[in-house]
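Novice: attaching a predicted model along with its sequence, questions to come.
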Amino acid sequence: MTDASKTNESSNTNNKYEEIISNLPQDNGWKPFGKLYNYQGFWYAPSLLQNVISAQQSFTPQPKDFILCSSPKSGTAWLKALTFSIVSRNQVDDSTNPLLKKLPHEIVPFMEIELAQNSSNRNLDIPFVATHIPYTSMPKSIIDSDCKIIYISRDPKDVLISHWIFDIKVSGIGLESFPLEEALEQYCKGVYPFGPYWDHVLGFWKASLEFPEKVLFVKYEDLKTDGPFHVTRMAKFMGHPFSVEEKQQGVPEKIVNMCSFENLSSLEVNKNGKYNLPDLPTVENKSFFRKGKAGDWKNHLTNEKAEKLDQIMKEKFSGSGLV
C-alpha cells in the first residue's frame, strides 16, 4: 500500500468515527475532559471513544491472554503489578523484575490506548492486556475467546476522590475550576469518563457469577485486608497456582510486598519517571501513586455527601448480591 493510500484510508477511518460520535448524546459537565459522549450506555472523551470503537472492531487477543479490567482509579496499576508478578515469578527475581525499572502501565498496555489501532503492537511474551472498557462493550473477540478476565472494584467514594484529583492534575485546570461539589454531582449522575460507576461494576460482577471459570471479581479493600489470600486466589484462577513449597517459602507474601504501594511508590522510576501515551497528555508516574489507601474519601467528603453516594450505590446494586 502506498503512503497516499494509507493516508486516504486513515482519513476515511477518522471520518467514519467522527460520524458515529457526532450523533451521540453529549455532556460537558466533567470539566477536566471537556465534552463527553455517551456510547452504549457509558461516557467517553472523544479521543478515547474512537479507540474504544476501533478496539471493538479490530482487537485480537492472544489465546493465553489475561484481560485486566477496571473502572479508572480503582487499583489498575496494582492489579497489573500483582498479576504480572504471579505469572513471571519463575522467570524473574528480586533484582531483575521489570517492575523495578518500569511503571506497571508500561509493562501491561491498555487495549484502548496503546493497542487500539494495532493489536499486534505489543510484547507477546507478556500475556496481559488492560482495559477500562465496560463488560457490555468488550470486543466480541475477547468474549468469544478462552481469555480469562480479572476485574478489580473499589469503594466508589475513593474512586470519586482519586478520579477527581488525578483528572485535575493531568488536565492542569486547577481545583477552583472544578470543585469537588461539581465532581460529586456529575459522579452521582454517572456522567464522567467510563461512568456510570455502578453499571461498570455490575457488568463484570454479573459476568463473574455467570462465568466463574472465565471472570474473577476482586475487591481493592479485600486485597488491602488479606493480600496473600487473594493473590493465591488469583494465581489459581490464572492457572499458575502456588505449590505447597512456594506457600511455605512465603512467595505470595513476597509478591504482595513487592507490589505494595509503599514499595512501588518509593522506586526511582515511579518518583521521577514519565508515562507517554499516544494522543494523550504525558503523565508523571508519581500521579499514579497518590496515597493507595482505603477510606481516604473521609478526608474530602462530609458524612452527608458520603451518605448520599452510598444511598445511590445501595439502590443501584440492590438485588445483585454485591455490597
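Specialist: Yes, it's here. Just so it is clear, the model here is predicted, and its values are computed rather than measured.

Novice: residue contacts, the most centrally placed residue in the chain?
Specialist: Note on the chain: the residue nearest the mean C-alpha position is Ser70, at 3.8 Å, using C-alpha atoms, centre = their mean. Contacts for Ser70 (C-beta atoms under 8 Å, 6 or more residues apart in numbering) come out as Thr76, Leu79, Ala130, His132, Tyr151, Ile152, Ser153. For glycine as for every other residue, the C-beta is placed from the backbone atoms N, C-alpha and C.

Novice: just the closest of these to Ile255, please.
Specialist: Leu79 (12.5 Å; C-beta to C-beta).

Novice: just give the nearest non-adjacent residue to that closest one, would you?
Specialist: Ile152 (4.7 Å; C-beta to C-beta, 6 or more residues apart in numbering).

Novice: now swap in Phe110 and tell me
Specialist: Nearest to Phe110 is Ala130, by C-beta to C-beta, 6+ apart, at 5.1 Å.

Novice: distance from the chain centre to the host helix or strand of the one you found, please.
Specialist: Assigned by DSSP states H and E, Ala130 belongs to strand 128-131. Taking C-alpha atoms, centre = their mean, to the nearest Å, the mean C-alpha location of strand 128-131 is offset from the chain mean by 8 Å.

Novice: Lys316: neighbour count?
Specialist: For Lys316, the count of nearby residues is 18 (other C-beta atoms under 10 Å).

Novice: my guess is it contacts Gly195. True?
Specialist: No - in this structure, Lys316 is not within contact of Gly195 by C-beta atoms under 8 Å, at 11.7 Å.

Novice: could you point out the helix or strand that follows the lowest-mean-pLDDT helix or strand in the chain?
Specialist: In the chain, the helix or strand scored least confidently by mean pLDDT, DSSP states H and E is helix 3-22, which has a mean of 65. Where DSSP H and E defines the elements, the next helix or strand beyond helix 3-22 is strand 26-27.

Novice: so for that next one, mean pLDDT?
Specialist: The average pLDDT within strand 26-27 is 96.

Novice: who does it pair up with?
Specialist: strand 36-39 (antiparallel) (DSSP bridges).

Novice: outside of the strand it pairs with, which residues touch it?
Specialist: Contacts for strand 36-39 (C-beta under 8 Å, 6+ apart): 21, 24-30, 43-46, 49, 52-53, 137, 191-193.

Novice: which strand residues bridge the residue nearest to the centre of the chain?
Specialist: Applying DSSP bridges, one finds that Ser70 bridges with Ile152.

Novice: count of residues packed around His200?
Specialist: 28.

Novice: flag every buried residue along stretch 134-144.
Specialist: Of the residues in stretch 134-144, Pro134, Tyr135, Thr136, Ser137, Met138, Pro139, Ser141, Ile142 count as buried by neighbour count, 16 or more other C-beta atoms under 10 Å.

Novice: so what pLDDT did the fifth one get?
Specialist: If I follow you right, that is Met138. 97.

Novice: what's the answer for the second one, then?
Specialist: At Tyr135, the pLDDT value in this model is 98.

Novice: circling back: for the residue nearest to Leu79, give me its contacts.
Specialist: Counting by C-beta under 8 Å, 6+ apart, Ile152 has contacts Leu68, Cys69, Ser70, Ser74, Gly75, Thr76, Trp78, Leu79, Val218, Lys219, Tyr220, Leu223.

Novice: show me which of these is closest to Val323.
Specialist: Using C-beta to C-beta as the measure, the one of the contacts of Ile152 that approaches Val323 most closely is Lys219, at 9.6 Å.

Novice: burial count for that closest one?
Specialist: By other C-beta under 10 Å, neighbour count at Lys219 equals 19.
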